Every structure is written in structure tokens, then in C-alpha cells.
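**Student:** Quick check, what structure comes out for this input:
(4 chains)
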There are 2 protein chains.
Amino acid sequence: MTTETKKARGRPRVFDPDEALDKALQIFWNRGYEGASLAELTETLGVNKPSLYAAFGNKEELFMKALSKYVQGPAAFVREIVNEPTAHAVAKRFLYQAAEFLTQSSHPKGCMIVQGALSGGESAEMIKSVLMEYRAGYEKLLTQRFEQAKADGDLPSDANPAALAKYLAMLHQGMSVQATSGASEEELKTVADLALSVWPKA
Amino acid sequence: MTTETKKARGRPRVFDPDEALDKALQIFWNRGYEGASLAELTETLGVNKPSLYAAFGNKEELFMKALSKYVQGPAAFVREIVNEPTAHAVAKRFLYQAAEFLTQSSHPKGCMIVQGALSGGESAEMIKSVLMEYRAGYEKLLTQRFEQAKADGDLPSDANPAALAKYLAMLHQGMSVQATSGASEEELKTVADLALSVWPKA
DNA sequence: ATCTTTTTGTAACAATTGGTATATTAATTA
DNA sequence: TAATTAATATACCAATTGTTACAAAAAGAT
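**Tutor:** Next up, the predicted model:
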């Protein structure tokens, strides 16, 4: 039930916008916002600049749309993790899935939300803050989940939900750097096990 | 006993190379390699481009010299940490000093070796790999220290030095991202305490 | 006072950046 | 078939990227 291909007015598109956006995502993913040039984008998408602008807007908007596809696609699993039955299961699945995801060779290594625009020039300021908010977002998601776990007695009464969430977020962000530097899934999972052995018991 | 200001031939320099390099370091530190433009560099150093090139070489060489100043200056403490008497003391001081250093407001937040060039275009490839080597370098330093600790009986015989070192490196790299995103020293130290409670006892 | 030597300032360089104007092409609708 | 609509391709745009030629300037050496 995708959007019905009704009567196509005017000259038909020579590219599939969804495929093109996916390729744009790949480029932004391993080059970052500033590192991805319009030249490389148009070249590998097979779409010339006017068509690209007509379809997605300027570079910033294109990045935002690629980012949106990222969080709803490959990185969507993060949102589901909080549904695990226990806080420990949440933590374990978070780190394990991160180790797998960040090292997969079917797409760029590392996390786009971490590496997309950590530093950069003035022109990346907007994107930098957007990514910061995303990072704060999933950390908050974890915090809330652990607050609930604490209320449920699933975490001890002296547990610190915010600290536990930041611990996981920090490990995830470090994993992202490590994955970009060539660390393997196994190495990251070994560290994940180590990191999890700290987990407070109810 | 600095280099004796002997007979100065030719027109005298209008800037102090060491001060200038320090300002360049600050810029690279919070903009990254690609995010720092020659325009911003010359502007805030108060040195015009020909003089900058004569003194330091091109942008890449300038970055390398700034990086060298970074590891020998503000980030030099890392090398000393392995001299702590126990593995646990090494780990604790590593994370604590990281928490302090990465959040200090007297200089850019985060670690230059982490954020200097994580992603980026083709032209940053060299710098990216240099920074990767630096990261691998301090991780290896920790690994060796923990191998020795294991031999000394300071770590249990089933301890995994490489995993412990990667755990710390990962936390440091995550801390760097967190610091850039506005996390405070206290928050990072709270997480450091949590992270340290995993440490194997001899 | 002239000659070196070195740095400075201006001004330019080619290449690349993100972004568009314009005219052509290809489809549907009338 | 003519009119309309929309996407295409080429070619351009101003601004910025890193880098350098060149001539003027400021010092010591002769």
C-alpha cells in the first residue's frame, strides 16, 4: 500500500527518490555532513543538482531527510529496546545490538548520529545541534526506562537511572568511535560483557 | 634555557610561533581538521597566509604540529598514568582525569584525537588515519600496563588486559562525545565511578 | 650606504564549495 | 495535434577552499 502511482504529470523521474535518499544516507553516514560534497552526492546518486534540489531541497534538508531515514530504518531498533522486560535485558540488548550494528560491513561503520557532525565549521552548527538532541533523546529514553525499572523494583532503590543511561550512551558513543577505527563485533561484545558485569542487581 | 635569541637575520617576525601554534591548536581542537579554515586560522592567529606557510608548512603540517603540541601539552598526562602503582589506580586516574580534562572551560571540550577527524572528505584521509593510530597508541599503552599488572598478580589470572584497555579507551571516547554535547565533569565522574565498579579484584 | 637575508602584505591563483537560470525533453491532458 | 506540466541537462553563479607570486619592508652584515 505504498503511495499509488497515479497519473504521472510531466516528464517522469529518471530516479527513484527512495533509492536516491538511501544512497545519500550512505554518503552522509561515512563522510559526515560537511565531508559529503554535492559533487559526490550527485555523482553516486546519478541525479544532477537541479533534480536533487527539486526533490529534497538543499544540502541541509537532504541531510535531515537522510537522518530521518536512518533513525526509522537501520537505527530503528533503539526505540524497541526499551520494551525488553528487565533493565538488565535492556542494557544487554542495547550494547549487543550496538556492537553488531556499528560493525556491519553492509553499511558504513559507526553511528551517523555520533559521527555525522561532531566538530566542524560554522555551516554545520545547525546539524551539530540536531544530532546532539538526538543523542540526548535516546539517553533520555533509557533514563526513563530505568526510572520505571526502579519503580518496579527491577532496579535497587539506590540505583541512579540517569547515570546508568549515560553509562550506556557513553559506551555506545565510544563503540561508534571504535567501530570506525576498525574494531570487530567480537571485540566490542567482549567489552560489552565487561561493561554489563557492573549492572546493579535488584 | 629556551633557544637563544641569537643574531636575528632579515626582517623580524611579528608573531611568536609558539603562541601562534597554540592558537591554531585551539581552532583545530574545536573545529576539527576540515572544519578549520585557513581564513579563520590566519585571522585569529594574526598571521597572514604566506607567513603561516613559511613558519609551519601547509594546513596538514600545521595540524600535525598542533597535534604534537596537544599530546605533549594538555594531553600529556595520559602517558604518565601508567606509572600508577596498581591497575585499578591506573583505570581510576585515567577516567577521572579524562572527566576533568574533557570538560574544562579553559579550552575546547572533548578530545582532539577523538573529534579532530572522525569522518570527513577525501582530503582528511591522512589526518584520520594518524588520529586512529594515536587512539590505538594509548589503548595499547593501557593493554601493556594491564598485562604487566596481570604478571604482577595485580590483576587476576583470568583478566583480559586487551578488553580492559579497550573498555577504558571506549569510555574515554564516549566521554569525549558527551563532553562536546555539554555533559559536566560531575556527570562524567559519576559514570566513571559506575564504570570502575566493574574492575576485577586481584 | 649598499647588499643580503628574511618576513611581511597584497593580490592573485586554480579548484571546489553549495546553489540556480535557462532551455530542452518527455510525459499527460485537452 | 496543441497545450500543459514537470523533470531533465548544461552551464553558469558568487563565494570560499587551500596555496603561492611578487614586491615592499625591516633588520643585520659588509
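**Student:** What helices and strands are in contact with the longest helix along chain A?
**Tutor:** Longest helix in chain A, counting residues (DSSP state H): helix A:125-151. On a contact count with 3 or more C-beta pairs under 8 Å, 6 or more residues apart in numbering or on different chains; DSSP states H and E, helix A:125-151 meets helix A:59-72, helix A:77-81, helix A:87-103, helix A:112-115, helix A:161-180. C-beta: built from backbone N, CA, C; applies to glycine.
**Student:** closest to DNA strand C out of these?
**Tutor:** For DNA strand C, the closest of the helices and strands packed on helix A:125-151 is helix A:59-72, at 3.4 Å, according to C-beta to the nearest atom of the strand.
**Student:** And that closest one, what's buried?
**Tutor:** A:59, A:62-67, A:69-71 (16 or more other C-beta atoms under 10 Å in any protein chain shown).
**Student:** any idea which of the residues you listed is closest to A:Cys111?
**Tutor:** A:Tyr70 (9.1 Å; C-beta to C-beta).
**Student:** so that closest one makes contact with A:Leu25?
**Tutor:** Yes. The pair A:Tyr70 / A:Leu25 is scored as a contact, 5.8 Å apart, by C-beta atoms under 8 Å.
**Student:** if I look at the two, which residues touch both of them?
**Tutor:** Shared contacts of A:Tyr70 and A:Leu25, defined by C-beta atoms under 8 Å, 6 or more residues apart in numbering or on different chains, are found at A:Met112.
**Student:** Would you mind giving the secondary structure of A:Gly10?
**Tutor:** coil (DSSP: H, G, I helix; E, B strand; the rest coil).
**Student:** can you count the residues close to it?
**Tutor:** 5 (other C-beta atoms under 10 Å in any protein chain shown).
**Student:** measure it to B:Ser105 for me?
**Tutor:** According to C-beta to C-beta, to the nearest Å, A:Gly10 stands 56 Å off from B:Ser105.
**Student:** just A:Gln104 next, same as before
**Tutor:** A:Gln104 is 38 Å from B:Ser105, by C-beta to C-beta.
**Student:** Show me which of these two is the more surrounded one.
**Tutor:** With neighbours defined as other C-beta under 10 Å, A:Gln104 and B:Ser105 compare such that A:Gln104 has more, 12 against 7.
**Student:** What confidence value was assigned to that one?
**Tutor:** Looking at A:Gln104, its pLDDT reads 98.
**Student:** repeat for the one 3 residues further on
**Tutor:** The predicted local distance difference test score for A:His107 is 98.
**Student:** Show me the domain layout of chain A.
**Tutor:** Per automatic domain parsing, the domain ranges recorded for chain A read A:17-71, A:74-196.
**Student:** for those domains, which one ends up most surrounded?
**Tutor:** domain A:74-196 (a mean of 19; mean count of other C-beta atoms under 10 Å in any protein chain shown).
**Student:** anything in that one near DNA strand D?
**Tutor:** Yes. In terms of C-beta under 7 Å from any atom of the strand, part of domain A:74-196 sits within range of DNA strand D, namely A:Gly121.
**Student:** before we move on, back to that, in JSON lines, list the helices and strands packed on helix A:125-151 along with distance to chain B.
**Tutor:** Below are these laid out as JSON lines (distance: least, C-beta to the nearest C-beta, whole Å):
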{"stretch": "helix A:59-72", "distance to chain B": "13"}
{"stretch": "helix A:77-81", "distance to chain B": "16"}
{"stretch": "helix A:87-103", "distance to chain B": "11"}
{"stretch": "helix A:112-115", "distance to chain B": "5"}
{"stretch": "helix A:161-180", "distance to chain B": "3"}
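**Student:** could you dump these to a markdown table with distance to DNA strand C?
**Tutor:** A markdown table is the format used below for the helices and strands packed on helix A:125-151 (distance: least, C-beta to the nearest atom of the strand, whole Å):
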| stretch | distance to DNA strand C |
| --- | --- |
| helix A:59-72 | 3 |
| helix A:77-81 | 28 |
| helix A:87-103 | 25 |
| helix A:112-115 | 17 |
| helix A:161-180 | 21 |
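**Student:** mind listing what A:Tyr134 touches?
**Tutor:** A:67, A:71, A:113.
**Student:** and it, how far is that from A:Glu80?
**Tutor:** 16 Å.
**Student:** go on, A:Leu168?
**Tutor:** For A:Leu168, the distance to A:Glu80 - C-beta to C-beta - is 15 Å.
**Student:** which secondary structure element contains A:Ala39?
**Tutor:** helix A:38-45 (DSSP states H and E).
**Student:** is DNA strand C contacted by that helix?
**Tutor:** Yes. Contact of helix A:38-45 with DNA strand C (C-beta under 7 Å from any atom of the strand) involves A:38-39.
**Student:** what's the distance between that helix and the middle of its chain?
**Tutor:** 22 Å (C-alpha atoms, centre = their mean, to the nearest Å).
**Student:** Let me know the helix or strand that A:Tyr33 is in.
**Tutor:** Assigned by DSSP H and E, A:Tyr33 falls in helix A:17-35.
**Student:** Counting by contacts, list what that helix packs against.
**Tutor:** helix A:38-45, helix A:49-56, helix A:59-72, helix A:112-115, helix B:17-35.
**Student:** Now with 6 Å, please.
**Tutor:** helix A:38-45, helix A:59-72 (3 or more C-beta pairs under 6 Å, 6 or more residues apart in numbering or on different chains; DSSP states H and E).
**Student:** Any chance of those in TSV with mean pLDDT and distance to B:Ala89 as columns?
**Tutor:** As requested, those are exported to TSV (pLDDT from 0 to 100; distance: least, C-beta to C-beta, whole Å):
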stretch	mean pLDDT	distance to B:Ala89
helix A:38-45	98	48
helix A:59-72	98	41
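**Student:** can the ones you listed go into JSON lines with extra columns for distance to B:Ala149?
**Tutor:** Output for the helices and strands packed on helix A:17-35, formatted as JSON lines (distance: least, C-beta to C-beta, whole Å):
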{"stretch": "helix A:38-45", "distance to B:Ala149": "47"}
{"stretch": "helix A:59-72", "distance to B:Ala149": "41"}
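**Student:** Fine by me, we can end here.
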